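*Asks:* my questions are about this predicted structure, shown below with the sequence.
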Amino acid sequence: MNRRVLIAGTGPASVQLAVLAKNRLGCEVGMAGRESVRSHDFFRDLGVQQERLTVSAQNKKNERITGSCTVDRVFRGFETVEGRWDILVMSVTTDAYMDVLKAIKPDVLKKVHSIVLVSPTFGSSRLVKHFMREINGETEVISFSTYLGDTRWVKGEPSPHVITTAIKKKLYIGSSRTSSAIVPSIMTAGRELGIEMVKMRSPFEAETRNISLYVHPPLFMNDFTLRAIFEGDGPNTYVYKLFPEGPITQRLIRDMRCQWQEIMEILKKLDIAPLNLLRFMTDDTYPVRLESLPRQDIETFEQLEPIHQEYLLYIRYTSLLIDPFSTPDKEGRYFDFSAVPIRQMFVNGEGELDIPRMPKEDYYRLKIIQGVARYLKVECPTIDKLMGTYEAKLKQVAESHQGEKQSEAFLVRDFREDVERITGGLGVELQGEPDTFLNES
């Protein structure tokens, strides 16, 4: 795959992807990022290391993902990008896609054959496709369901050296072209890394196979978690623990089930295959022992009564309070799997009060889903409730910290421009053949 690949972004995932593109796919690789306090340190250290990137792994089973490479071109600021790049890899947060594309010169974008969305959200491919129509309507858009693993800075601060601590078992991928020239190469590379690669009918369909869409809003947009994020001055609390150590209650599980069903109604309108939430949780994310969740319950989950579904979801979370497949210590204690701390509000590198990635990114994701639902006239009372809870908290916290510098994350927004790009022409497309909507080029 002798192509020129530009990685947009300078986070840990960008370093990992650059090394894979160079070493696994044999591509010429460039990196671009916006100028910021954090990226300044990255660019500085990259220069000291003579543009050399390094990826380590936390354990031996993931050694295939490690390696080092030299970046061929480095661009400080997306507006400085120049030259011909066959593939543009968007390794930035989903709410930044438009900012990045608007910053890159149109003459550069015109030459891009394919845009790869590493960690998109619901409808991101349509958003990008709509934007690119005026620049190059032939550009292919490829979406993954999510990023391939968990990658972090090796010393906790931006640098050219990262460590990948986990790799996903399965990834979904979809292209706006029925016959993509590069998807087969990407899928082969993924399989060589031990990842099961599943090709979907469209990028949009791949985007619906992200577990965060279904579990993050109820886990983070509730009074318990929001108090911990914005007022956390008591004992530590944890994302995946039961109340009072964490937010998980019967009511939260009910919201999770209801939100999943509302999203399934949206998918039905879009002719996208539905998703068995319990099977997706156990087969694609974290398995539990069959003694806790028999296979029959998992496979028939969609046909069960709502109260039965909620019971099984609750069992799933209680079964993962510990890692059921870890080795117990001498006291019989298993690894405390659910002890993922709820991160608190913080001051970012620009000196602004800021909100952790979760729920900041989840706000954008859910706002897009809410906008699509309203366009399609799908009732979504649970999504509306979660959004109302979060936005009310944003207003309250912003008011209580008047006089302090605050990031844009504290603004209540409608993301109207993005929603309009995603839904633009959707009604016309849905009246035709489904594949016209799903595969747009």
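*Replies:* Now that the structure is in, tell me what you want to look at.

*Asks:* show the average pLDDT along stretch 404-423.
*Replies:* Stretch 404-423 shows a mean pLDDT of 96.

*Asks:* name the residues of that stretch that are buried.
*Replies:* Going by neighbour count (16 or more other CB atoms under 10 Å), the buried part of stretch 404-423 is Gln406, Ala409, Phe410, Phe415, Asp418, Val419, Arg421, Ile422, Thr423. All C-beta spots, glycine's among them, are computed from the backbone N, C-alpha and C.

*Asks:* do the same with stretch 369-382
*Replies:* Across stretch 369-382, burial judged by 16+ other CB under 10 Å covers Ile369, Gln370, Gly371, Val372, Ala373, Tyr375, Leu376, Val378, Cys380, Thr382.

*Asks:* ok, stretch 199-208 next?
*Replies:* Buried residues in stretch 199-208, defined by neighbour count with 16+ other CB under 10 Å: Met200, Arg201, Ser202, Pro203, Phe204, Glu205, Ala206, Glu207, Thr208.

*Asks:* just the residues contacting the strand or helix carrying Lys395, thanks.
*Replies:* Using DSSP states H and E, Lys395 maps to helix 381-400. Contacts to helix 381-400, defined as CB atoms under 8 Å, 6 or more residues apart in numbering, come from residues 217-218, 220-223, 226, 230, 255, 258-259, 262, 345, 359, 363, 366-367, 369-370, 373, 406, 410-412.

*Asks:* domain assignment for the chain?
*Replies:* Under the assignment automatic domain parsing, the domains of the chain span 4-207, 212-410.

*Asks:* need the winner for burial among these.
*Replies:* Most buried of the domains of the chain by mean neighbour count (mean count of other CB atoms under 10 Å) is domain 4-207; its value is a mean of 19.

*Asks:* first-to-last residue distance for it?
*Replies:* Domain 4-207 has an end-to-end distance of 25 Å (CA to CA, to the nearest Å).

*Asks:* quick one: terminal-to-terminal distance for stretch 138-146?
*Replies:* 24 Å.

*Asks:* which other residues reach that stretch?
*Replies:* 109, 112-120, 124-125, 128-129, 132, 168, 171-177, 180, 182-183, 186, 203-204, 206-207, 209-212, 441.

*Asks:* go on, stretch 118-128?
*Replies:* Residues outside stretch 118-128 that contact it (CB under 8 Å, 6+ apart) are 13, 17, 89-91, 93-94, 97-98, 101, 115, 117, 141-144, 146-147, 174, 176, 202-204, 207-208, 210, 213, 361, 364-365, 368-369, 372, 418, 421-422, 440.

*Asks:* restricted to helices, list those residues.
*Replies:* Counting by DSSP state H, the part of the contacts of stretch 118-128 found in helices is 13, 17, 97-98, 101, 203-204, 207, 213, 361, 364-365, 368-369, 372, 418, 421-422.

*Asks:* and Ser179, that one's in a helix?
*Replies:* No. Using DSSP: H, G, I helix; E, B strand; the rest coil, the secondary structure at Ser179 is coil, not a helix.

*Asks:* who are the packing partners of the host helix or strand of Ser68?
*Replies:* Assigned by DSSP H and E, Ser68 belongs to strand 67-70. For strand 67-70, the packing partners by 3 or more CB pairs under 8 Å, 6 or more residues apart in numbering; DSSP states H and E come out as helix 12-23, strand 52-57.

*Asks:* so how far is that strand from its chain's centroid?
*Replies:* 25 Å (CA atoms, centre = their mean, to the nearest Å).

*Asks:* so what strands line up beside it?
*Replies:* As defined by DSSP bridges, the strand partners of strand 67-70 come to strand 52-57 (antiparallel).

*Asks:* now the angle between helix 12-23 and the strand it pairs with, please.
*Replies:* Calculated by axes from the mean of the first three to the mean of the last three CA atoms, to 10 degrees, strand 52-57 forms an angle of 110 degrees with helix 12-23.

*Asks:* please report how far Pro120 lies from Thr208.
*Replies:* Remark: distance between Pro120 and Thr208 (CB to CB, to the nearest Å) = 10 Å.

*Asks:* okay, and the common contacts of the two?
*Replies:* Residues touching both Pro120 and Thr208 by CB under 8 Å, 6+ apart: none at all.

*Asks:* what residue is smack in the middle of the protein?
*Replies:* Nearest residue to the geometric centre of the chain (CA atoms, centre = their mean): Ser119, 4.2 Å.

*Asks:* now do the strands in the stretch 251-400 of the chain.
*Replies:* Taking DSSP state E, counting those that start in this stretch, the strands of the stretch 251-400 of the chain run over residues 346-347, 353-354.

*Asks:* pLDDT below threshold where in the stretch 1-150 of the chain?
*Replies:* 1 (pLDDT under 70).

*Asks:* how about the strands in it?
*Replies:* All strands of the stretch 1-150 of the chain, identified by DSSP E, counting those that start in this stretch, fall at 4-8, 28-33, 52-57, 67-70, 73-76, 87-90, 114-117, 140-144, 149-153.

*Asks:* and those: which comes nearest Glu299?
*Replies:* Across those, Glu299 has its closest neighbour in strand 140-144 (26.2 Å, CB to CB).

*Asks:* give the partner strands of the closest one in its sheet and their orientations.
*Replies:* As assigned by DSSP bridges, strand 140-144 forms pairs with strand 114-117 (parallel), strand 170-175 (antiparallel).

*Asks:* reformat these as a markdown table; add distance to Glu196.
*Replies:* Shown next, in a markdown table, are the strands paired with strand 140-144 (distance: least, CB to CB, whole Å):
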| stretch | distance to Glu196 |
| --- | --- |
| strand 114-117 | 19 |
| strand 170-175 | 4 |
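
*Asks:* quick one: the helices in the stretch 201-350 of the chain?
*Replies:* Per DSSP state H, counting those that start in this stretch, the stretch 201-350 of the chain carries helices over the ranges 203-207, 212-220, 223-231, 250-269, 277-279, 295-299, 306-319.

*Asks:* chain center to the shortest one, what's the gap?
*Replies:* Helix 277-279 has its average C-alpha position 19 Å from the chain's average C-alpha position, going by CA atoms, centre = their mean.
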